[in-house]
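Student: The following block contains a protein sequence and its predicted model.
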Amino acid sequence: MKCIVKNQFYKFQTFNFKNYIRKNRIITMSKLPNTTASIFSVMSQLANQHNAINLSQGFPNFPVDKRLLKISERLLSENIHQYTPMAGLPSLLHKIALLTQENYQRIINTNSELLITTGATQGIFTAINTFIKNGDEAIILDPSYDSYEPSVLVAGGKPVRVSLNDDYTPNFNKIASAITSKTKLIIINNPHNPTGKIWSENDFEALETLLEKHPQVLLLSDEVYEYISFKHQHISANTRPKLIDKTIIASSFGKSLHVTGWKVGYLIAPEALMKEIKKIHQFLVFSVNSIAQHVISEYLDIVDFNEVAKMYERKKTLFQNALKDSKFELLPSEGTYFQIVNYKGISTENDMDFAKKLITQHGVAAIPISVFYEDATDKQMLRFCFAKTDETLLAAADKLVKVV
């Protein structure tokens, strides 16, 4: 690559950057050489280009609670615009502790076991980069959320991808076989994105037995959809005495309160682990958005998370009923705000091509499930997000029932 620059005598000359880099031994190297734009960005952009209904990216398109807006408007004029303490606003930490005790009967120390993060993704990145070092291994269960592997790679670790069973339950024989002396972390996601599966009591008992045999292995439990479960009650790692001392739990107000753009989440971990996490966190963001923390702290006094689950269950039922006459096969959605469908009765195309055709020819955007697998396992599945207005869901379903 060449450009024209002025030398010290103000004459223009050709400057060759490649030669300069080579002669001065400047090495450029990507920590994520295989990473490109996320599938969520790709599908959303394609949806925008074709004016398609976007059920791909996992965010609500309906307004937030008016009570939340009123609190925001009132607090905006108050003196709350400076740094909060690094670990989080004390009143918000207190409210989270009460929420955790109420829902999971776990008492946490707000000073030493809790941390407010810039969304759950930053919390997960921070936890992984705290405990994964060069050469360490982290087990990731596929299909998996796309931030896990890059976080491990940036830390210098090795992601070890283990596929879930066909019904998306954990395969503990495979997980046990994947554990080595270098394994330092197992990452689980419950309720599960993208499949909506919820772990059972038996799953947790098997995990506890496995980790007892490998005391060097920590657990990172991604529970950002913890307050969105339906027929089966979500079981949190917060409720498992055998796991608490070795587990970091990630939660998200963005998901629970429909404010994904606020990017406010939190981590719960035992003091010994949290002490190390905070060392990394303080040099990433130091403290999280002050206004959002103040507003959420006050809003937690009035919000009912049971109503959140009921609202999403109603939307799920609406969407499923509207698709009954379609040729899509709907899989169970036990939690989250995602619906997995199988399109084998419609096409033999791979899921990426079919997802693109669904946008360009039928006007609805979805996410192909193969992108959540290391080996791009293609079971002809798509993920739809039903965190949308009723009008959006019905309009999308009207298009989908016509896909043949």
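Tutor: The structure has been received and is ready for your questions.
Student: burial count for residue 348?
Tutor: Residue 348 has 8 neighbours, counted by other C-beta atoms under 10 Å. Placement of C-beta: from N, CA and C, glycine included.
Student: Is it correct that it falls within a strand?
Tutor: No: Residue 348: not assigned to a strand; according to DSSP: H, G, I helix; E, B strand; the rest coil it is coil.
Student: Quick check on the nearest residue to it once chain neighbours are set aside: phi, psi?
Tutor: Leaving aside its sequence neighbours, residue 348 sits nearest to residue 380 (C-beta to C-beta, 6 or more residues apart in numbering; 7.9 Å). Backbone torsions of residue 380, given as degrees, to the nearest 10, read phi 60, psi 50.
Student: Ramachandran angles for residue 161?
Tutor: Residue torsions, per degrees, to the nearest 10, at residue 161 are phi -90, psi 130.
Student: How about it: what's its closest non-neighbour residue?
Tutor: residue 374 (3.9 Å).
Student: Point out the other helices and strands that the helix or strand harbouring residue 176 packs with.
Tutor: Using DSSP states H and E, the element containing residue 176 is helix 172-178. Contact analysis of helix 172-178 by 3 or more C-beta pairs under 8 Å, 6 or more residues apart in numbering; DSSP states H and E lists strand 137-142, strand 158-163, helix 201-213 as its packing neighbours.
Student: picking up where we left off before, my guess is the residue nearest to residue 348 contacts residue 354, does it?
Tutor: Yes: in this structure residue 380 lies within contact range of residue 354 using C-beta atoms under 8 Å: 7.3 Å.
Student: okay, and the common contacts of those two?
Tutor: Listed as contacting both residue 380 and residue 354 by C-beta atoms under 8 Å, 6 or more residues apart in numbering are 343, 347.
Student: got the contact list for the helix holding residue 176?
Tutor: Identification of contacts with helix 172-178 by C-beta under 8 Å, 6+ apart yields 139, 141, 160, 162-163, 186, 206-207, 210.
Student: which one of those is nearest residue 325?
Tutor: Set against residue 325, the nearest of the contacts of helix 172-178 by C-beta to C-beta is residue 163 (32.8 Å).
Student: what sits opposite that closest one in the beta ladder?
Tutor: Per DSSP bridges, the residues bridged to residue 163 are residue 142.
Student: In contact with it, which residues?
Tutor: Going by C-beta under 8 Å, 6+ apart, residue 163 touches 141-142, 171, 174, 373, 377.
Student: Now do stretch 227-245: distance to the chain's middle.
Tutor: 17 Å (C-alpha atoms, centre = their mean, to the nearest Å).
Student: Endpoint to endpoint, that stretch covers what distance?
Tutor: Length of stretch 227-245, first residue to last, C-alpha to C-alpha, to the nearest Å: 23 Å.
Student: just to revisit the earlier point, among the helices and strands packed on helix 172-178, which is nearest residue 297?
Tutor: Closest of those to residue 297 is helix 201-213, at 31.0 Å (criterion: C-beta to C-beta).
Student: Let me see the mean pLDDT of that closest one.
Tutor: The predicted model assigns helix 201-213 a mean pLDDT of 98.
Student: What residues of the helix holding residue 176 count as buried?
Tutor: Neighbour-count burial for helix 172-178 flags 172, 175, 178 (criterion: 16 or more other C-beta atoms under 10 Å).
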